[in-house]
Structures are given as C-alpha cells and as structure tokens.
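Trainee: all I have is the shape, not the residue letters:
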C-alpha cells in the first residue's frame with residue numbers, strides 16, 4: 001500500500017474541487033506512483049493530503065471507479081484497478097452502444113490498424129508461427145458451437161498476429177479497438193454462420209502470412225474486418241427490429 005506521503009500534493013483551491021482531485025490521481029497513475037492493484041490510503045487520509053473534504057474525495061473516487069481506474073471493496077478500501085483495456089474502456093463501450101454510426105468508424109479504424117499490423121506480421125512470420133496459428137484455427141473450428149470459447153480463441157489469434165507485427169503501440173491500439181467492438185460482436189458471433197465465415201477469413205490471413213506476402217495479408221485482414229462489420233450491422237438491425245416489434249406489441 002502506498003504511503004500517505006505520496007499524496008502530499010498542493011491543496012486544491014479552484015472549483016470544481018472533485019475534478020481536480022481526479023486529475024491529480026490520474027497524474028499519479030500515469031507517473032507510476034500508483035500502480036495496478038495498489039491500495040490507496042483511507043478516505044480520511046486522502047482528504048487530509050489533498051486538503052479537501054471527505055465527500056469531495058468520495059465524489060472523485062466514484063468518478064474514477066466509473067472510468068475503471070479505481071475499484072472499491074466493501075469494507076476493504078480503495079484500490080487501483082488492473083488498468084487493463086477491458087476495465088478502462090467500459091464507458092466508451094457504453095457510448096458506442098448509443099451511437100450507431102460509431103460502429104462504422106470503429107471498424108474503419110480496425111481495418112487500418114489490423115491491416116497494417118498484418119502487413120508487418122507477414123514479413124516476420126516463420127513456419128513455426130504459421131503452424132501455431134493453424135493450430136489455433138483448428139481449435140476455433142472445434143469451438144464453432146461454443147461462441148464464448150470461440151471468442152477467446154479469436155482474441156488469441158489476433159493477439160499473436162499483433163505480436164508478430166512487433167510494434168507495441170499498434171498492438172495496444174488494436175487490442176483496445178478489439179475490446180470496444182466486443183460488446184457488439186457478442187451477439188453477432190452467436191451465429192454459427194458468422195463463426196464459419198471468420199474461420200474462412202482466418203485461413204486466408206494465415207495463408208498470406210505463410211507466403212510472407214504483406215499486400216495479401218493486409219488485404220485479407222481488411223476484408224476480415226469488413227465481414228465482421230457486416231455481420232455486426234445485421235445483428236444490430238435484427239435487435240432493433242425485435243425491440244420495435246416488442247414495443248409495438250405493448251402499445
């Protein structure tokens with residue numbers, strides 16, 4: 001647990017006070033003074049360190065919990081979260097669920113980033129990499145009737161290609177976008193037909209990687225993202241139609 005001395009910061013004077021506490025706590029996380037799973041001092045100690053009231057600390061903590069940066073345990077204090085993408089991107093996932101057009105722009109970004117990574121990966125791919133990816137595809141085929149298991153294998157497939165791309169910034173961006181799209185794909189990937197199409201896409205991607213053909217790998221990955229977007233659109237349209245029919249039935 002970090003000592004209270006870490007929180008000897010300049011007293012906050014301007015309004016809104018809670019937002020400034022949030023900013024300073026986020027700064028500590030960025031600087032590495034607060035790390036994943038660290039326990040923060042008590043609410044009382046935080047209030048004293050920041051020179052604010054305990055209700056202000058409470059408000060700031062609530063905001064950071066919503067952002068996925070902090071987590072609270074009943075009777076157990078305040079902790080920094082795992083800081084993993086799935087925790088930090090929750091609010092943006094909710095925003096995307098409200099903005100239909102955001103799905104298109106999300107997959108536009110995925111096409112660019114995932115396609116670029118695939119092109120880099122094709123240059124680096126060795127026979128052992130191709131063999132591993134083919135094994136993953138076989139495991140995916142075995143999970144065609146188990147969408148939850150398939151999604152985990154799908155994430156592993158893409159993350160392996162990200163690693164071959166050898167650019168941590170692109171890899172992090174791709175993983176974050178993948179996480180953001182998961183809420184939409186969860187419904188779409190329940191379909192056996194959708195999973196079957198993804199398996200075909202994966203075969204084409206790995207064939208291009210095996211040939212060390214960057215242009216073909218990029219094209220195959222971009223087409224895969226386009227196919228995923230199309231199935232996601234169809235899924236969302238079906239959900240809207242079902243909700244509309246239910247509403248009309250209640251009218």
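Mentor: That came through, no problem. Computed from a predicted model, the values in this text were never measured in an experiment.

Trainee: where do the helices sit along the stretch 101-250 of the chain?
Mentor: Applying DSSP state H, counting those that start in this stretch to the stretch 101-250 of the chain gives helices spanning 127-142, 147-165, 168-188, 192-210, 214-250.

Trainee: just tell me which of the ones you listed ends up closest to residue 60.
Mentor: helix 168-188 (24.7 Å; C-beta to C-beta). Any C-beta I mention is one placed from the backbone N, CA and C, and that applies to glycine too.

Trainee: packing partners for the closest one?
Mentor: When contacts are defined as 3 or more C-beta pairs under 8 Å, 6 or more residues apart in numbering; DSSP states H and E, helix 168-188 sits against helix 85-88, helix 90-98, helix 100-124, helix 147-165, helix 214-250.

Trainee: what ranges in the stretch 51-200 of the chain fall below the confidence cut-off?
Mentor: Applying pLDDT under 70 to the stretch 51-200 of the chain flags residues 85-101, 183-190.

Trainee: let's see that with 80 instead.
Mentor: 66-67, 74-76, 84-102, 179-191 (pLDDT under 80).

Trainee: ok, and what's touching stretch 153-173?
Mentor: For stretch 153-173, contacts defined as C-beta atoms under 8 Å, 6 or more residues apart in numbering pick out 85, 113-114, 116-118, 120-121, 124-125, 129, 132-133, 136-137, 139-140, 143, 174-175, 178, 189, 198, 202, 205, 209, 221.

Trainee: rerun that using 7 Å as the cut-off
Mentor: Stretch 153-173 has contacts (C-beta atoms under 7 Å, 6 or more residues apart in numbering) with 113, 116-118, 120-121, 124-125, 129, 132-133, 136, 139-140, 143, 174-175, 178, 198, 202.

Trainee: domain ranges for the protein?
Mentor: 17-83, 92-246 (the TED database).

Trainee: and the shortest one, how far out from the chain middle?
Mentor: Right, the one you point to is domain 17-83. Centroid separation for domain 17-83 versus its chain: 22 Å, with C-alpha atoms, centre = their mean, to the nearest Å.
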